[in-house]
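Enquirer: Turn this into a model:
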Amino acid sequence: MGQEYSPEEKELMFARQQDKEEHDSLMEDLSQILCTDGGRRYLWRLLSFCRVMDRSMDRDSHVMAFREGQRDIGMRLMRDIYEAKPNAYELMRKEHIVACEERKAAYDEAKKQFEEEQ
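Expert: Coordinates of the predicted model:
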């Protein structure tokens, strides 16, 4: 005969199962977002706002606490990204570098044309 569970244990098991299903669903949603160019660009921009790679230190404890809060959210997002699609962060980084190089080339070309017109 199967093991008997108390009503509290059954409720806890049910809640854990629902949490797991919700988490799995969110990771699938994030995985779908990471499959799109626009989704990766948006998440990269969001990570930039969170200053994940910056230091939080500041003489003003309020500024430092604010920065650490931003960074904490960014770190959570990075953990989710790595869980949903482990190679996505590296892909986003490479795409960002290419986009920066393209913007610089366009800027240099526009500057050159402007100088030639002067």
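Enquirer: Would you mind finding the longest helix in this structure?
Expert: Secondary structure of the chain per DSSP state H: the longest helix is helix 88-117.
Enquirer: what residue is smack in the middle of the chain?
Expert: Centroid check for the chain by C-alpha atoms, centre = their mean gives Leu77 as the closest residue, at 4.0 Å.
Enquirer: Wait, that residue touches Leu47, no?
Expert: Yes: using C-beta atoms under 8 Å, Leu77 is in contact with Leu47, at 6.2 Å. For every residue, glycine as well, the C-beta is placed using N, CA and C.
Enquirer: mind listing the helices in this protein by residue range?
Expert: Assigned helices in the chain, in chain order: 7-34, 37-49, 61-84, 88-117 (criterion: DSSP H).
Enquirer: Please point out which parts of stretch 83-98 sit buried.
Expert: Neighbour-count burial for stretch 83-98, counted by 16 or more other C-beta atoms under 10 Å, picks out Ala84, Lys85, Ala88, Tyr89, Met92, His96.
Enquirer: so how far is Asp58 from the third one?
Expert: Between Ala88 and Asp58 the distance is 31 Å, computed by C-beta to C-beta, to the nearest Å.
Enquirer: Could you do the first one as well?
Expert: Ala84 sits 32 Å away from Asp58 when distances are taken as C-beta to C-beta.
Enquirer: Next, format the helices of the chain as a markdown table and append mean pLDDT.
Expert: As requested, those are exported to a markdown table (pLDDT from 0 to 100):
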| stretch | mean pLDDT |
| --- | --- |
| helix 7-34 | 94 |
| helix 37-49 | 96 |
| helix 61-84 | 96 |
| helix 88-117 | 95 |
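Enquirer: give the contact list for Glu83.
Expert: Going by C-beta atoms under 8 Å, 6 or more residues apart in numbering, Glu83 touches Met27.
Enquirer: how much space between it and Glu115?
Expert: 49 Å.
Enquirer: Can you pull the phi and psi angles for Asn87?
Expert: phi -90, psi 0 (degrees, to the nearest 10).
Enquirer: Distance of it relative to Ile81?
Expert: Applying C-beta to C-beta to Asn87 and Ile81 gives a distance of 10 Å.
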